[in-house]
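1. pasting a predicted model and its sequence here:
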Amino acid sequence: MTARHVLVTRPAERAAPLAARIAALGWVPLLAPALRTEPTGVPLPAALDRFDALVFTSAAGVRAFEAASPLREPPAYAVGDATAEAARTIGFKNVVSAHGDVAALNALLAASPARRLLHVAGEEVAGEVAVAGREVERVGLYRTVAERSLPATVRTALYARTVAAACFLSPRSASAFISLVDPDLFAPVRALVMSQPVADALASVGWARIEIAARPTLDALLERLGAPKC
């Protein structure tokens with residue numbers, strides 16, 4: 001049987017946009033969430049109007065903010081295009097994307113007029129938002145926890161050898177995923193990753209190959225995937 005499945009390892013609530021783009025290339029996406037998000041119950045800081053702008057480093061942070069506050073007027077700075085789109089979807093009008101990673105976001109913030117920034121994030125962050133001359137306060141509105149198992153459809157596809165590739169966007173999701181699967185099942189699968197740290201998290205098991213996106217964006221990741229060969 002031709003391997004045409006591509007695994008999407010993002011949390012289920014964030015997987016649909018990537019899955020749709022994978023399907024548009026001609027593959028059959030399978031949702032294989034290794035992590036899920038849940039609220040921490042931490043409140044937002046008082047007097048939000050004292051901040052010049054909000055900073056989002058994930059779409060999950062945007063959704064957590066949506067549930068916590070009706071405020072949409074301040075400028076919003078986003079780490080990447082998917083996060084920026086999530087902010088626009090919930091009503092932010094002035095949204096600027098760094099089109100990359102936290103380093104690109106920090107460079108963007110360094111050039112911005114905003115001096116007091118609220119970083120809406122998870123309980124743990126992969127990179128620190130820190131800019132000289134800027135006051136940055138971080139609030140962790142959500143936490144990410146590992147799933148205990150993968151969907152039966154994913155296990156069936158792995159055992160049937162119909163999985164051609166798997167997409168990984170973070171080191172934590174990569175580590176969580178490989179802990180849920182027999183490592184012998186990865187041999188025919190291409191691992192498509194967003195960055196070198198994600199590749200490092202997958203290096204302990206044998207893949208057909210690990211391919212790193214040329215840039216830390218979904219567009220670059222999908223360029224690696226390409227279209228299925230007939």
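-> Everything's here; your move.
2. list the pairing partners of the longest strand along the chain within its sheet, with orientation.
-> Longest strand of the chain, by residue count under DSSP state E: strand 135-146. Paired neighbours of strand 135-146 in the sheet (DSSP bridges): strand 35-39 (antiparallel), strand 116-122 (parallel).
3. average pLDDT across the last one?
-> Meaning strand 116-122. If you average the pLDDT over strand 116-122, you get 96.
4. please point out which parts of that strand sit buried.
-> 117-122 (16 or more other C-beta atoms under 10 Å). For every residue, glycine as well, the C-beta is placed using N, CA and C.
5. looking at the residues you listed, which is nearest residue 138?
-> Relative to residue 138, the closest of the buried residues of strand 116-122 is residue 119; by C-beta to C-beta it sits at 4.2 Å.
6. quick one: contacts for that closest one?
-> Applying C-beta atoms under 8 Å, 6 or more residues apart in numbering to residue 119 gives the contacts 55, 57, 129, 136-139.
7. what's the closest non-adjacent residue to the residue nearest the centre of the chain?
-> Central residue of the chain (C-alpha atoms, centre = their mean): residue 169, 5.4 Å from the mean position. Nearest non-adjacent residue to residue 169, counting by C-beta to C-beta, 6 or more residues apart in numbering: residue 194, 4.8 Å away.
8. tally of neighbours for that neighbour?
-> Residues contacting residue 194 under the criterion other C-beta atoms under 10 Å number 25.
9. please report the distance of it from residue 49.
-> 35 Å (C-beta to C-beta, to the nearest Å).
10. one more: residue 56?
-> 18 Å.
11. now the strands: where do they sit in this structure?
-> 5-8, 28-31, 35-39, 53-56, 76-78, 95-97, 116-122, 135-146, 163-168, 190-193, 209-212.
12. domain parsing for this structure?
-> Annotated domains of the chain cover 5-34+148-225, 37-145 [automatic domain parsing].
13. residue 168 and residue 9 touch, don't they?
-> Yes: here residue 168 lies in contact with residue 9, judged by C-beta atoms under 8 Å, at a distance of 5.6 Å.
14. what do the two both touch?
-> 174, 177.
15. what about residue 215, neighbour count?
-> With other C-beta under 10 Å as criterion, residue 215 counts 16.
16. distance of it from residue 81?
-> 11 Å.
17. for stretch 194-214, buried residues please.
-> Buried, per 16+ other C-beta under 10 Å, within stretch 194-214: 194-195, 198-199, 201-202, 205, 207, 210-213.
18. tabulate these (JSON lines), appending distance to residue 184 and pLDDT.
-> Shown next, in JSON lines, are the buried residues of stretch 194-214 (distance: C-beta to C-beta, whole Å; pLDDT from 0 to 100):
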{"residue": "194", "distance to residue 184": "25", "pLDDT": "91"}
{"residue": "195", "distance to residue 184": "26", "pLDDT": "90"}
{"residue": "198", "distance to residue 184": "21", "pLDDT": "94"}
{"residue": "199", "distance to residue 184": "20", "pLDDT": "96"}
{"residue": "201", "distance to residue 184": "19", "pLDDT": "96"}
{"residue": "202", "distance to residue 184": "15", "pLDDT": "97"}
{"residue": "205", "distance to residue 184": "9", "pLDDT": "93"}
{"residue": "207", "distance to residue 184": "11", "pLDDT": "97"}
{"residue": "210", "distance to residue 184": "17", "pLDDT": "98"}
{"residue": "211", "distance to residue 184": "21", "pLDDT": "97"}
{"residue": "212", "distance to residue 184": "24", "pLDDT": "97"}
{"residue": "213", "distance to residue 184": "26", "pLDDT": "95"}
